[in-house]
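**Student:** Next input, structure requested:
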Amino acid sequence: MMLLCGIIASAATNSFNLKSPDGKLSVDISTNQSITYTVAFDGKTVIDPSQASLQLIDGLEIGVNPRVSGVKRTNVDTMIDSPFYRANQIRDNYNQLSFNVAKNWTIEFRAYNDGVAYRFVYSGKTPVTIKNETYKVNFPGSETFANVPYVRPRSKSTESFETQFFNSFENIYTTKPLKELDRSRLIFLPAVFEPIDDVKVTLTETGLINYPGLFINADGDNSIQGIFAAVPETVEQGGHHQLQLIVKNRHDYIAQIDNARPLPWRVAVVTDNDAALAATNLTYLLAEPSRVADTSWIKPGKVAWDWWNNWNIDGVDFKTGVNNDTYKAYIDFASENGIEYVILDEGWAVNLKADLMQVVPEIDLPMLVDYAKKKNVGIILWAGYYAFDRDMENVCRHYADMGVKGFKVDFMDRDDQIVTDFNIRAAETAARYNLILDLHGTSKPAGLNRTYPNVLNFEGVNGLEQMKWAPDTLDQVLYDVMIPFARQVAGPMDYTQGAMRNASKGNYHPCNSEPMSQGTRCRQLALYVIFDSPFNMLCDTPSAYRREPESTAFIAEIPTVWDETRVLDAKMGEYIITARRAGDTWYVGGITDRSPRDIEVDLSFIGKPQATMTLFADGVNAHRIGRDYKKTVSTVDTTRPLKLHLAPGGGFAAKVK
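**Tutor:** Alright, predicted model coming up:
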């Protein structure tokens, strides 16, 4: 339902108030010398007056000395379809205030029950060039706490912002007072701030289409500011295996806008409930609806993956590696277990050529695609960014005709306007050929998974691949209980869980050829429930999975998209328990930090007094031996809480019918 509450031709006031549907969130907007907004939660200020404006190349400042007119209030409460997501339908319920601020420019504010957002909208017919955008968030008082992912430095020397724009959007979270953040370092989004007791504000963006991504930077003791990469002027082929484009210099503007269109939403998820934060759908709700009219061909699913386990298969009579026999073995494994896809990661195309039409002689792609098709398995191909971009149409046509089902595109490692435009072009081109995409080596999804639902997954996460080389000082267990409240707020993650070598604290070490996870086996199983991932890797080797048939069977049957998702209980940085439903079957998963934890899981959401539960729980010695677990199948009384003990770095996973 959409209700237009009131339209005022011109505004006689320079201040406005907008409330969330439940009245708990309030946005006060001032249009005096500039547009500023203040956000309150339950009557307490969580964002002090903060400026929003644009600077055009011709000197005009949109949002400074605004000429307010055409004020419009809108209320919306409806259900929207959300295919390939954490629920098949989600509620879109908000109040909106919009008004003109200059010729051809409007600003829109929305208030949801779990957050607020604003964006500028251009309605002109002639191109405009945006020199910069002012994005400020001022927090009240001086004791705001921050949980932020810095851009990971490429060297030990101090780096300029320009150097930091080239990054993989992967890092753990730094947790400290905002006033102690390093002002020389860029922060990528989402990031979580705690301005007052028990209230968290997660900042991110969505609707990011053909516009530079938003970085933030500490700007004063209790403020952050937005930083944007300018449009590249010249680029040079280079980087990883000559598959990247390295910016040599940039223009003095951040974006060129060719026609009428909205700019990205600036989003603040605001809540005093960590479970509600992990359950928010704001970035999906605010994104542009699907541009793909027919989505019936899009098939989410799981993927047998070669790269993490280093193509290692034992007990066979051939040498494993990038060759036909190895991939036929992966296809056989996928087929045996009902796994939808096998990926050929880096190595199938001739190295250093950036040419996806040149296949190494060890690989017979048409034969492998045909072999997989007969076994009801789809083939996905890895592609470097420049190789894919330079010949996109031809590559998509050629491999779609061959029967390939999609691409994992990697090593963009930027999100200036050139690269965000590439993401859209790649999605649109792939969709025309009925190809799915996994955008690896990229930034957060920012709504693209709704606008182009054939883009099923995104990296921009410090995923399990880090365990191949990260020192034991990296606490991946802690990171796992941070990302549902931060990175996952932006959308699905190509985290690549599923390790069968599981190291308890003190036993982990990096190993490229036979990598392991931090934490217990049950933690790895639980991550398939807790993390959003419509296109979900099985990171370990077929041999390892065959030695672990119980764990493999659970992973193989678990869905990757859902009819319903509920975050049952959570505390950022400590634990999370999530339940998801597909049809009449529920899956429940929980993980903890390094602390052992006794938990009670309320099963009343199942809706029937008794149910059959298959439970994987940490074994009594999981604190010493990470792979130790106990599987039980029993009838449970859902009117009583399920009591479980989680080992340090542990978890549990359950299937309930």
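
**Student:** use CA for all of it now, contacts and neighbours both
**Tutor:** Fine.

**Student:** list the buried ones in the longest helix along the chain?
**Tutor:** Longest helix in the chain, counting residues (DSSP state H): helix 417-432. Within helix 417-432, the residues that qualify as buried are 417-431, counting by 16 or more other C-alpha atoms under 10 Å.

**Student:** Then stretch 48-59?
**Tutor:** For stretch 48-59, by 16+ other C-alpha under 10 Å, it's Asp48, Pro49, Ser50, Gln51, Ala52, Ser53, Leu54, Gln55, Leu56, Ile57.

**Student:** Check stretch 99-106 too.
**Tutor:** So stretch 99-106, judged by 16+ other C-alpha under 10 Å, has buried residues Phe99, Asn100, Val101, Ala102, Trp105, Thr106.

**Student:** Of those residues, which belong to strands?
**Tutor:** Phe99, Asn100, Val101, Ala102, Trp105, Thr106 (DSSP state E).

**Student:** Run through the residues that contact the first one.
**Tutor:** What it means is Phe99. Counting by C-alpha atoms under 8 Å, 6 or more residues apart in numbering, Phe99 makes contact with Val68, Ser69, Gly70, Val71, Lys72, Thr106, Ile107, Glu108.

**Student:** Which secondary structure state does the nearest residue to it once chain neighbours are set aside sit in?
**Tutor:** Spatial nearest neighbour of Phe99, excluding adjacent residues (C-alpha to C-alpha, 6 or more residues apart in numbering): Val71 at 4.3 Å. At Val71 the chain is in strand, as set by DSSP: H, G, I helix; E, B strand; the rest coil.

**Student:** these two touch, right, Val71 and Asn100?
**Tutor:** Yes - using C-alpha atoms under 8 Å, Val71 is in contact with Asn100, at 7.1 Å.

**Student:** Go through the buried residues of helix 417-432 and say which is closest to Val128.
**Tutor:** Nearest to Val128 among those is Gln417, at 14.2 Å by C-alpha to C-alpha.

**Student:** separation between the closest one and Gly460?
**Tutor:** Gln417 sits 17 Å away from Gly460, going by C-alpha to C-alpha, to the nearest Å.

**Student:** what about the helices in the stretch 51-200 of the chain?
**Tutor:** Applying DSSP state H, counting those that start in this stretch to the stretch 51-200 of the chain gives helices spanning 161-164.

**Student:** Report the residue spans of it with pLDDT below the cut-off.
**Tutor:** Applying pLDDT under 70 to the stretch 51-200 of the chain flags residues 156-158.

**Student:** all strands of it, in order?
**Tutor:** For the stretch 51-200 of the chain, the strands defined by DSSP state E, counting those that start in this stretch cover 61-62, 69-81, 89-102, 105-112, 115-122, 128-138, 145-148, 174-177, 187-188, 191-196, 199-206.

**Student:** Please apply the same query to the stretch 551-657 of the chain.
**Tutor:** According to DSSP E, counting those that start in this stretch, the stretch 551-657 of the chain carries its strands in the segments 564-571, 575-582, 585-592, 597-601, 610-618, 629-637, 642-646, 651-656.

**Student:** how far out from the middle of the chain is the fifth one?
**Tutor:** Going by C-alpha atoms, centre = their mean, to the nearest Å, the spacing between the C-alpha centre of strand 610-618 and its chain's C-alpha centre is 29 Å.

**Student:** I'd like the average pLDDT over that strand.
**Tutor:** Computed over strand 610-618, the mean pLDDT rounds to 97.

**Student:** circling back: take the ones in strands among the buried residues of stretch 99-106 and write them to CSV, including distance to Asp618.
**Tutor:** As requested, those are exported to CSV (distance: C-alpha to C-alpha, whole Å):
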residue, distance to Asp618
Phe99, 56
Asn100, 58
Val101, 58
Ala102, 60
Trp105, 57
Thr106, 55
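
**Student:** Report the contact partners of Leu285.
**Tutor:** Going by C-alpha under 8 Å, 6+ apart, Leu285 touches Asp92.

**Student:** Which pLDDT value goes with it?
**Tutor:** Model confidence at Leu285, given as pLDDT, is 98.
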